[in-house]
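**Student:** the sequence isn't on hand, but the structure is:
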């Protein structure tokens, strides 16, 4: 195989793609708009809205509201009735609600069993910071009330005096639980833009390169490969250069996203050699998929619809669009079938600088995908252009 010919055709793939303004927009500009949009949705910087209805006016009920109002992770909104609170939760005006019924203080004093009600639409969708803050403050106030009751009984004190005495012991506050997400590091170290940037890098890398398979069908139908075969250019050179050109295009797109993400969005990508190793393997996989997609598609429309649709589904299951903690175990297991899951997991762990062993596993799986799919794609595409 002539190296100069191979390099010429590889560069031609990149050059012709970037000359197309629509393709250049999807490759270089659209990812940043999506990164900013998704990053804003997933951002953990703002306080989470919590609706509260309190029908108890005792000191412990008031203390609970005060503690929640002072919490930096919570923005408290008061509602008049439980029905209004449930409506606000259902309409997602607040992330969750807390109902403090009448008799809350009395129950802590040993006269009744009334307990607060945590109002949610789906508990697994409530932000972890909000859930832990509410549980922590409720537990602290409950502990204070129970402690005061026993202090009053054993020390023969009034309940108000015992409550003030118990409050002085817990003035430093209850220790907060630290979130340690082990299935994906995104829930702790990566949120907002820091999560959406790797996700959109993987998504658009696969989406654009696999989608370019429709262009290969157009080129094949125009007869260009057959005319090239009439020269000294062999089918292996054509197949490998088409694949290599798409790998180069993926690396270029990733480089732009990484550089702009680091300087404009302050994304911490982690060790760059590891990041580019993951990007290279992902580019090789997507290039092989583009060759396979073009070979099995009879028309450009088939390749244009089938490739991106498959990649979007794989991106959803692979955690590129949202953290996988929001989906069930069966869907997480299915997501492991696709290389996007392993690329996303590797980039998240590199960004969080955690899980060196897991990154090695992710990279090994991607390498396996790249080798197997390339060994399938190049011969299949070679035979396809040979027969026209």
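**Tutor:** Cool, got the structure. Everything numeric in this text was worked out from a predicted model, so none of it was measured. Numbers count the residues shown, from 1 in each chain.
**Student:** quick one: the strands in this structure, in order.
**Tutor:** Here the chain has its strands, by DSSP state E, at 48-54, 74-78, 96-100, 117-119.
**Student:** and those strands as CSV, adding distance to residue 247, mean pLDDT and mean neighbour count?
**Tutor:** For the C-beta atoms, the positions are set from N, CA and C on the backbone; glycine is no exception. Shown next, in CSV, are those (distance: least, Cβ to Cβ, whole Å; pLDDT from 0 to 100; neighbours: other Cβ atoms under 10 Å):
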stretch, distance to residue 247, mean pLDDT, mean neighbour count
strand 48-54, 42, 88, 21
strand 74-78, 47, 88, 17
strand 96-100, 46, 89, 24
strand 117-119, 51, 88, 17
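**Student:** tell me which of the ones you listed sits nearest to residue 383.
**Tutor:** Evaluated over the strands of the chain, closeness to residue 383 peaks at strand 48-54, with 56.5 Å, by Cβ to Cβ.
**Student:** so what touches stretch 93-102?
**Tutor:** Where contact means Cβ atoms under 8 Å, 6 or more residues apart in numbering, the residues beyond stretch 93-102 that reach it are 48-56, 61, 64-65, 68, 77, 79, 82, 85-86, 88-89, 114-120, 126-127, 130-131, 134, 138.
**Student:** pLDDT below threshold where in the stretch 101-250 of the chain?
**Tutor:** 108-113, 123-125, 144-193, 224-226, 228-235 (pLDDT under 70).
**Student:** can you do 80?
**Tutor:** The model of the stretch 101-250 of the chain has pLDDT under 80 over residues 104-115, 122-129, 140-196, 215-216, 219-239.
**Student:** re earlier: any chance of the strands of the chain in TSV, plus distance to residue 275?
**Tutor:** Below are these laid out as TSV (distance: least, Cβ to Cβ, whole Å):
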stretch	distance to residue 275
strand 48-54	31
strand 74-78	35
strand 96-100	36
strand 117-119	40
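**Student:** quick one: which of the ones you listed is nearest residue 288?
**Tutor:** Nearest of the strands of the chain (Cβ to Cβ): strand 48-54, 43.1 Å.
**Student:** show me what the closest one packs onto, helices and strands only.
**Tutor:** Applying 3 or more Cβ pairs under 8 Å, 6 or more residues apart in numbering; DSSP states H and E, one finds that strand 48-54 makes contact with helix 59-70, strand 74-78, helix 82-90, strand 96-100, helix 128-155.
**Student:** mind pulling up the pLDDT for the residue lying closest to residue 373 once chain neighbours are set aside?
**Tutor:** Using Cβ to Cβ, 6 or more residues apart in numbering and skipping residues adjacent in sequence, the residue nearest residue 373 is residue 288, 3.8 Å away. Note for residue 288: predicted pLDDT of 92.
**Student:** got it, and the one 5 residues further on?
**Tutor:** Residue 293 is assigned a predicted lDDT (pLDDT) of 89.
**Student:** next: residue 18.
**Tutor:** Taking residue 18 on its own, its pLDDT is 64.
**Student:** ok, now the one 3 residues further on?
**Tutor:** Residue 21 carries a pLDDT value of 70.
**Student:** tell me the spacing between it and residue 92.
**Tutor:** Residue 21 sits 38 Å away from residue 92, going by Cβ to Cβ, to the nearest Å.
**Student:** what of residue 357?
**Tutor:** Distance of residue 357 to residue 92, given as Cβ to Cβ: 39 Å.
**Student:** try residue 312
**Tutor:** Taking Cβ to Cβ, one finds residue 312 at 25 Å from residue 92.
**Student:** name the residues of stretch 58-78 that are buried.
**Tutor:** Neighbour-count burial for stretch 58-78 flags 58-61, 63-65, 67-68, 71, 73-76 (criterion: 16 or more other Cβ atoms under 10 Å).
**Student:** quick one: end-to-end distance for it.
**Tutor:** Start to finish, the residues bounding stretch 58-78 are 17 Å apart (Cα to Cα, to the nearest Å).
**Student:** could you export the helices and strands packed on strand 48-54 as CSV, including distance to residue 380?
**Tutor:** Below are the helices and strands packed on strand 48-54 laid out as CSV (distance: least, Cβ to Cβ, whole Å):
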stretch, distance to residue 380
helix 59-70, 61
strand 74-78, 56
helix 82-90, 52
strand 96-100, 52
helix 128-155, 46
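**Student:** ok, residue 251 touching residue 279?
**Tutor:** Yes. Between residue 251 and residue 279 there is a contact under Cβ atoms under 8 Å: 6.4 Å.
**Student:** just want to know which of those two has more residues nearby.
**Tutor:** residue 279 (25 against 18; other Cβ atoms under 10 Å).
**Student:** name the nearest residue to the more buried one, sequence neighbours excluded.
**Tutor:** Nearest non-adjacent residue to residue 279 (Cβ to Cβ, 6+ apart): residue 254, at 4.2 Å.
**Student:** any idea of the pLDDT on that neighbour?
**Tutor:** With respect to pLDDT, residue 254 has a value of 88.
**Student:** what's the answer for residue 37, then?
**Tutor:** 61.
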